[in-house]
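Novice: build me a model from this:
(one chain, ligands or ions: 1)
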Amino acid sequence: MSHNDLLSLLSQTGAWCKGHFLLSSGRHSDQYIQCARLFENPLHGEIFGTALAREFQNCVVDVVVGPALGGILLAYDVGRSLGKRVLFAERADGKMSFRRGFCIKPGEKVLVVEDVVTTGGSVQEVAELVRQSGGNVVGIGSIVLRRSPGVDLDFSVKTLLEFEVPSYAPDSCPLCSQGIPITKPGSRTGKTA
Ligand SMILES: [Zn+2]
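Specialist: Next up is the predicted model:
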């Protein structure tokens, strides 16, 4: 699938929405990305998992790890495509950890994946956890890299799609000044806030 095909699939599935959104940071934006929507149809998850696995086809990988929740389904689809083991890391008492008996063997080559990377906080925590467990991080991959204007990541990530999403303080939001109703994404009712 081409970059444009992946982009239109992201839009068709409702994983990429345009409108006027209240972000969890309190800022406003004209775009919202919710990759969970992609995985509603397992065939779409497989398409993105296969495409991301292809980015790492020249890389030796033993295990694919994703952070809960966003990375679990993607790690599964990437791992299935690569034919490799899949684990997920989850936050316990505020700290990213392996639970449920998941572990990395010393020297294992680990690919870390996440659906949306913004600041990269979660993937970097998972990468650190992998290193502490004795594994080698051989790559970091994402479906979407959501860049904030003017912010550079201090690690490398292979991404299928890259967005630069503008956000605005509520008192200087151009969408507010046009009187466009704002939506809080992910709210149960989906009603405007
Ligand atoms: Zn606004």
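Novice: quick one: low-confidence parts of this protein?
Specialist: Under the criterion pLDDT under 70, the flagged ranges of the chain are 186-193.
Novice: summarise which helices and strands the longest strand seen in the chain is packed against.
Specialist: In the chain, with assignment by DSSP state E, the single longest strand is strand 136-147. The helices and strands touching strand 136-147, judged by 3 or more Cβ pairs under 8 Å, 6 or more residues apart in numbering; DSSP states H and E, are helix 42-55, strand 109-117, helix 121-132, strand 158-164. All C-beta spots, glycine's among them, are computed from the backbone N, C-alpha and C.
Novice: strands paired with the last one, and their directions?
Specialist: Note on strand 158-164: by DSSP bridges, its sheet partners are strand 136-147 (parallel).
Novice: what angle do the strand it pairs with and strand 109-117 make?
Specialist: For strand 136-147 against strand 109-117, the angle between stretch directions is 10 degrees (axes from the mean of the first three to the mean of the last three Cα atoms, to 10 degrees).
Novice: would you mark the buried spots in strand 136-147?
Specialist: Of the residues in strand 136-147, those buried by neighbour count under the rule 16 or more other Cβ atoms under 10 Å are 137-147.
Novice: which of those residues sits closest to the ion?
Specialist: Arg146 (18.1 Å; Cβ to the ion).
Novice: my read: that closest one touches Ile33, true?
Specialist: Yes. The criterion here is Cβ atoms under 8 Å, and Arg146 meets it with Ile33 at 6.1 Å.
Novice: what do the two both touch?
Specialist: Common contact partners of Arg146 and Ile33 (Cβ atoms under 8 Å, 6 or more residues apart in numbering): 116, 163, 165.
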